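Asks: Please work out how this folds:
(4 chains)
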Protein chains: 2
Amino acid sequence: MSLREEILEVSRELLIKEGFGKMSMRRIAERADVSATSIYLYFKNKDDLLLALIEESIENLKAALMEVVDVSKGLLMQLEDMARAYISYALNHPQEYEIIYMVRPEEMPRYPKEKFMNIRSGYELLAGIISEGHAREQIDVEDALINAYTLWAQLHGVVSVILNKRLDTRIPQEQFIEQALENIIRGFVLQKSPV
Amino acid sequence: MSLREEILEVSRELLIKEGFGKMSMRRIAERADVSATSIYLYFKNKDDLLLALIEESIENLKAALMEVVDVSKGLLMQLEDMARAYISYALNHPQEYEIIYMVRPEEMPRYPKEKFMNIRSGYELLAGIISEGHAREQIDVEDALINAYTLWAQLHGVVSVILNKRLDTRIPQEQFIEQALENIIRGFVLQKSPV
DNA sequence: ATGAAAGGTTAACACTGTTAAGTAAACAGT
DNA sequence: ACTGTTTACTTAACAGTGTTAACCTTTCAT
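Replies: Predicted structure coming up:
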């Protein structure tokens, strides 16, 4: 295993087990048994390293979504499955999920859009399914890509509130998720033109 | 103006004008013309100061929502107005909005739930309106509070995607917002039992 | 007048990301 | 076999961070 790969592995482990706050260059270096500056031989800076982790996380998230894709199932069912898979992944891998939304383009001007475009590719998967649903005339949406984004955004909001511990203690998490899913799917799917 | 108030004011100005990254204790102190350690006379630590700013921001956000409340308007219209007000506030005061979701309870164990409960009071406003709509039988929801949270979560997701610059460059922001609003409101409002 | 409290200060600790300069081993060309 | 260069790494240092301990003054109450 190359040092670059080891740094990535150690970083990810540190991130997951100890949290983002503990993921410092020196700590990573220590666990990889090299000096802190060696990291800079393989990553331009911490954001660059973070970005590599983000890309891995996006891949994992995408893989988790892909797993539940089942074209035989019909659009509505498929969307719900994906939405549930999205939420499950986020709640089961909180740190991995959260770094995806942690690094900002404006805070790392050295990395222009291209990298973030790549990151966005997760949306394409969703857009593809929506498009397919449209083609099969199960749904009537103006623009599959926009709807993929709104769906994604809504799901992100739901998991974000939970992960940020902003959910009222009076509300059971399960019930919140079910209600949110119901609202989101309904709001999306009823674009189906009345046949 | 007390030093405590001045620290808050300077912090807010620094946060808004220079961004969260530039808001360091020493910089705040410099602008308030005191030593950095003086801040600790009025705030236990940086998170405590941040929490005070968050509370102010929540108040501002709530005030912005209150402004558009118009009970003569009917539930659907009112919800849409509030949703738009929420998005507008977030986009027009990005730094103020973002710190609301920045500090985490688990990262500041010294502040237990009580403070965050207070922060949550913004949701109550929304829940109130939904309850009222329910009372007037304009809507049939099982639990107004849960629905207030799901609505809030979805709105947060929408602004979050925009503020985090995760929106695909192919998608015009305006169009994204309109589509999201449409989906969110529809998903929520069609719980109205068919009369 | 004396003691205590209020409201500040300076110095220091243990961190952080990052850069510059240096070293030691491996390799290539003549 | 002796060069010169590249590769992979290190140490030392800079400038910054949040935070604590210890120390001054000034104000105030008894």
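
Asks: Could you list the low-confidence segments of chain A?
Replies: Within chain A, the segments meeting pLDDT under 70 span A:104-122, A:137-141, A:190-195.

Asks: Would you mind listing what in chain A touches DNA strand C?
Replies: Residues of chain A found near DNA strand C (CB under 7 Å from any atom of the strand) are A:23-27, A:36-37, A:40, A:45-47. (Glycine included, C-beta is placed from N, CA and C.)

Asks: let's see 10 Å
Replies: A:20-30, A:35-41, A:43-50, A:108, A:110 (CB under 10 Å from any atom of the strand).

Asks: List buried members of the residues you listed by neighbour count.
Replies: A:23, A:25, A:28-29, A:38-39, A:43, A:46-50, A:108 (16 or more other CB atoms under 10 Å in any protein chain shown).

Asks: isn't A:Val68 right up against A:Ala85?
Replies: Yes. Counting by CB atoms under 8 Å, A:Ala85 is a contact partner of A:Val68 at 4.6 Å.

Asks: which ones are touching the closest residue to A:Asp70 other than its chain neighbours?
Replies: The shortest distance from A:Asp70 to any non-neighbouring residue, by CB to CB, 6 or more residues apart in numbering or on different chains, is to A:Gln78 (6.5 Å). Going by CB atoms under 8 Å, 6 or more residues apart in numbering or on different chains, A:Gln78 touches A:68-71, A:129, A:133.

Asks: pull the longest helix from chain A.
Replies: helix A:46-68 (DSSP state H).

Asks: follow-up on the earlier one: so of the residues of chain A next to DNA strand C, which ones are in helices?
Replies: When DSSP H is applied, the residues of chain A next to DNA strand C are split such that A:25-30, A:39-41, A:46-50 fall in helices.

Asks: follow-up on the earlier one: list the buried residues in the longest helix of chain A.
Replies: A:46-54, A:57-58, A:61-62, A:64-65, A:68.

Asks: Pick the one among those closest to A:Gln179.
Replies: Of all the buried residues of helix A:46-68, A:Gln179 sits closest to A:Val68, with 21.0 Å by CB to CB.

Asks: Can you show me the helices along chain A?
Replies: Going by DSSP H, chain A shows helices at A:3-18, A:25-32, A:39-42, A:46-68, A:75-92, A:94-100, A:113-119, A:121-135, A:144-163, A:173-189.

Asks: which one of those helices lies closest to B:Leu167?
Replies: Closest among the helices of chain A, using CB to CB: helix A:144-163, at 6.7 Å.

Asks: Spell out whether that closest one and chain B are in contact.
Replies: Yes. Helix A:144-163 reaches chain B (CB under 8 Å from any CB of the partner chain) through A:145-147, A:149-158, A:160-161.

Asks: for that helix, packing partners?
Replies: helix A:75-92, helix A:94-100, helix A:121-135, helix A:173-189, helix B:144-163, helix B:173-189 (3 or more CB pairs under 8 Å, 6 or more residues apart in numbering or on different chains; DSSP states H and E).

Asks: Next, the contact list for A:Ala29, please.
Replies: Here A:Ala29 is in contact with A:35-39 (CB under 8 Å, 6+ apart).

Asks: What is the nearest of the residues of helix A:144-163 next to chain B to DNA strand D?
Replies: Among these, A:Ser160 lies closest to DNA strand D (CB to the nearest atom of the strand), at 24.5 Å.

Asks: Walk me through the domains of chain A.
Replies: A:1-43, A:54-189 (automatic domain parsing).

Asks: Take those and lay them out in CSV including distance to DNA strand D.
Replies: What follows is the domains of chain A, written out as CSV (distance: least, CB to the nearest atom of the strand, whole Å):
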stretch, distance to DNA strand D
domain A:1-43, 3
domain A:54-189, 15
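
Asks: now, of the ones you listed, which is deepest in the fold?
Replies: domain A:54-189 (a mean of 18; mean count of other CB atoms under 10 Å in any protein chain shown).

Asks: end-to-end on that domain?
Replies: One end of domain A:54-189 to the other measures 30 Å (CA to CA, to the nearest Å).

Asks: Check the offset of that domain from the chain's centre.
Replies: Here the centre of domain A:54-189 is set off from its chain's centre by 7 Å, with CA atoms, centre = their mean, to the nearest Å.

Asks: Over to stretch A:38-53?
Replies: Using CA atoms, centre = their mean, the offset of stretch A:38-53 from its chain centre is 20 Å.

Asks: hang on, the earlier thing: mind checking which of the helices and strands packed on helix A:144-163 is nearest A:Ser11?
Replies: Short answer: helix A:94-100, nearest of the helices and strands packed on helix A:144-163 by CB to CB, at 10.2 Å.

Asks: In contact with A:Leu145, which residues?
Replies: If you count contacts by CB under 8 Å, 6+ apart, A:Leu145 has them with A:123, A:127, B:168, B:170-171.

Asks: I meant A:Leu41, not that one.
Replies: Counting by CB under 8 Å, 6+ apart, A:Leu41 has contacts A:Leu3.
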